[in-house]
Every structure is written in C-alpha cells, then in structure tokens.
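Asks: With the input below, show me the fold.
(one chain, ligands or ions: 1)
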Amino acid sequence: MNDFEGLRALVTGGASGIGRATAELLAERGAAVAVLDLDPSSVGEPLLAHRADVADDASVRAAVAAAVAGLGGLDVLVNNAGIGARGTVEDNPDDEWHRVFDVNVVGMVRTARACLPHLRASRHAAVVNTCSIAATAGLPQRALYSATKGAVHALTLAMAADHVREGIRVNCVNPGTVDTPWVGRLLDAAADPAAERAALQARQPLGRLVTAAEVAGAIAYLASPLSGATTGTALAVDGGMQGL
Ligand code: NAD
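Replies: Alright, predicted model coming up:
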C-alpha cells in the first residue's frame with residue numbers, strides 16, 4: 001500500500017529512534033522524505049539529510065528552506081525532535097526549564113512557522129507532533145519534561161483550530177516507553193542495566209516496551225490521507241499505560 005506516493009515529508013529528530021523509524025516508514029510507503037537533525041550524519045539515501053538545531057531559529061529556517069527545495073514542496077511535517085529531563089520542580093534550575101522548553105516546545109513552534117507557508121500550498125497537509133503519555137499521566141520525577149509535553153498537547157489543539165480551515169490537519173501521538181537509543185541511554189546509566197530493563201518491561205501492561213516502528217505507524221496514519229477527517233487528536237501508543 002503506497003499511501004504516501006507523491007507526498008513530501010519533513011521529520012525533525014529524524015536521525016534516531018521514533019523520528020528515524022517514521023522517516024523510513026514514510027519513504028517505504030512512497031513519500032519523498034527529508035530529515036532535520038542536530039546530527040544527521042547517519043542518514044542516507046533515500047532520505048535527504050539536513051543539519052539544524054530546533055532551538056536556533058535561523059538554522060531551522062535555513063534547513064526547512066533547503067529541505068523544501070530538495071523535496072519540491074511540503075505536505076507533511078513530523079515535529080518530533082525532543083530531549084528528556086529528570087527531576088521534581090526542586091531539581092531543575094530556571095535555565096534548565098528554559099533550555100528544555102526551547103527545544104521541546106518552541107522548537108516545534110519554530111519548525112511549524114517555517115513550514116506553514118509551504119503546507120498551505122499542499123492539497124494534503126498534515127502536521128504530527130510527538131507528544132508523550134507524560135502530558136497527562138502525572139509521572140514522578142518528570143516535572144519539567146511533562147510540562148513541555150503538556151504544552152505540546154495544548155499547542156496541537158490550538159494549531160488544529162487555527163489551521164483547519166486552511167486544510168492543514170494537526171494531531172499528536174502520545175507514546176509510552178519506547179525502545180529507542182534515548183531509553184537505551186537511560187538504562188545504560190543504571191547500576192544494573194539488564195535488571196533495570198527487566199523492571200521497566202515488567203511495569204508495561206503489554207509486558208514489553210513499545211517499538212519505534214509502532215509509534216511510526218501511528219504517526220504515518222495521522223499523516224496519511226487515511227486520517228483525512230481527523231484533526232486535533234492525541235493518539236496513545238503506550239502499550240495500555242493510559243487509563244491504569
Ligand atoms: P532519540 O534520542 O532516539 O532521538 C531524538 C533525535 O532528536 C536525535 O536524532 C537527536 O539528535 C534529535 N534532536 C535532539 N535535540 C535536537 C535539536 N535541538 N534539534 C534537532 N534535532 C534534535 O529519542 P526518541 O526516543 O526517538 O524521542 C523522539 C521524540 O519522542 C521526543 O520528542 C520524545 O520526547 C518523544 N518520546 C519518546 C519516548 C520514549 O520512550 N523514547 C516516549 C514518549 C515520547
């Protein structure tokens with residue numbers, strides 16, 4: 001099924017994890033795909049690679065312009081680049097709050113701002129933001145990270161309302177714990193990574209972590225014409241953690 005034949009997509013944070021799996025899936029399904037990442041050195045054909053820091057407006061504007069020129073237009077933006085943060089409100093100083101918000105929230109705003117003029121010219125325009133179960137789950141030790149993802153959720157709803165009459169759909173996915181290099185780094189930092197992984201898996205209702213490919217599948221659905229009447233939604237991909 002080539003749901004994306006003729007469509008052009010940009011994936012931020014597309015060099016690793018969820019973004020990489022999404023870029024590869026969209027390309028497999030027929031899209032022309034450009035990746036925007038801090039370090040796109042591992043990204044190769046058929047994906048186009050552009051280096052940019054979503055915390056730097058000039059670099060985002062330059063990379064989006066280059067990507068759109070390379071793709072010949074833009075139909076799909078996957079706003080996925082993000083970073084983690086641990087701790088309660090007592091643990092992170094103000095500058096850390098500003099730094100993580102600047103990447104996780106304002107980074108999506110900057111990228112959307114650069115992409116919207118191009119999306120308006122598309123006959124099938126979709127934005128998918130990578131949010132998190134942290135937006136609504138009340139996770140311990142994740143005050144800053146959760147606040148950024150709560151903001152991404154609200155941003156998704158606001159953008160959906162602002163752009164629906166322009167034919168631009170905006171949705172988000174809320175992954176649970178996904179087996180990506182990010183989670184690998186967290187586990188590696190534990191005293192006993194194997195035991196920590198086993199404990200993490202045991203906490204999952206599904207009995208295992210979510211895969212990046214499973215999140216990519218949900219993003220692809222929200223980006224594809226198959227979800228053509230869906231906007232302003234959050235799709236959980238969390239192995240059943242929501243509602244527990
Ligand atoms: P990852 O670390 O494997 O990949 C993140 C990618 O984003 C990397 O390639 C990195 O270089 C890029 N990136 C980071 N900061 C950037 C910046 N300032 N500018 C441009 N690119 C930047 O992480 P992942 O697990 O695939 O996470 C991707 C998204 O999924 C994030 O928004 C994260 O919050 C969200 N998420 C992840 C999980 C999880 O369990 N892994 C769960 C819920 C949500």
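Asks: tell me which parts of this protein are close to the ligand?
Replies: Remark: the part of the chain in contact with the ligand comprises 12-13, 15-19, 37-39, 52-55, 80-83, 103, 107, 130, 132, 175, 177-178, 180-183, using C-beta under 6 Å from any ligand atom. Every residue, glycine included, has its C-beta placed from N, CA and C.
Asks: mind redoing it with 5 Å?
Replies: With C-beta under 5 Å from any ligand atom as the criterion, the chain comes near the ligand at residues 13, 15-18, 37-38, 53-55, 81-82, 103, 130, 132, 175, 177-178, 180-183.
Asks: Quick check: ChimeraX command selecting the buried ones in those residues.
Replies: Selection of buried members from the residues of the chain next to the ligand for ChimeraX, criterion 16 or more other C-beta atoms under 10 Å:
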select :13,15,16,17,18,37,38,53,54,55,81,82,103,130,132,175,177,178,180,182,183
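Asks: Which ones among the residues of the chain next to the ligand lie within strands?
Replies: When strands are assigned by DSSP state E, the members of the residues of the chain next to the ligand inside them are 37, 130, 175, 178.
Asks: mind listing the helices for this structure?
Replies: If DSSP state H is used as the criterion, the helices of the chain fall at 17-28, 57-71, 94-101, 107-120, 134-137, 143-163, 181-188, 193-202, 212-223.
Asks: What residues does the residue nearest the centre of the chain make contact with?
Replies: For the chain, the residue sitting closest to the mean C-alpha position, by C-alpha atoms, centre = their mean, is Asn80 at 2.1 Å. With contacts taken as C-beta atoms under 8 Å, 6 or more residues apart in numbering, Asn80 has the following neighbours: 11-14, 18-19, 22, 129-130, 219.
Asks: average pLDDT across stretch 44-60?
Replies: The predicted model assigns stretch 44-60 a mean pLDDT of 98.
Asks: Distance across it, terminal residue to terminal residue?
Replies: From its first residue to its last, stretch 44-60 covers 20 Å (C-alpha to C-alpha, to the nearest Å).
Asks: Could you pull out the buried residues of it?
Replies: By neighbour count, and taking 16+ other C-beta under 10 Å as the criterion, the buried residues in stretch 44-60 are 47-55, 57, 59-60.
Asks: swap in stretch 220-234?
Replies: Using 16+ other C-beta under 10 Å as the test for burial, stretch 220-234 gives 220-224, 227, 231, 234.
Asks: Looking at the residues you listed, which is nearest Cys115?
Replies: Looking at these and their distance to Cys115, the nearest is Ala223, at 13.0 Å (C-beta to C-beta).
Asks: Give me the residue ranges of this protein where confidence is low.
Replies: Counting by pLDDT under 70, the ranges of the chain that qualify are 1-2, 243-244.
Asks: Check the gap between Pro193 and Thr177 for me.
Replies: To Thr177, Pro193 is 15 Å away according to C-beta to C-beta, to the nearest Å.
Asks: How many neighbouring residues does Gln204 have?
Replies: Close neighbours of Gln204, defined as other C-beta atoms under 10 Å, add up to 16.
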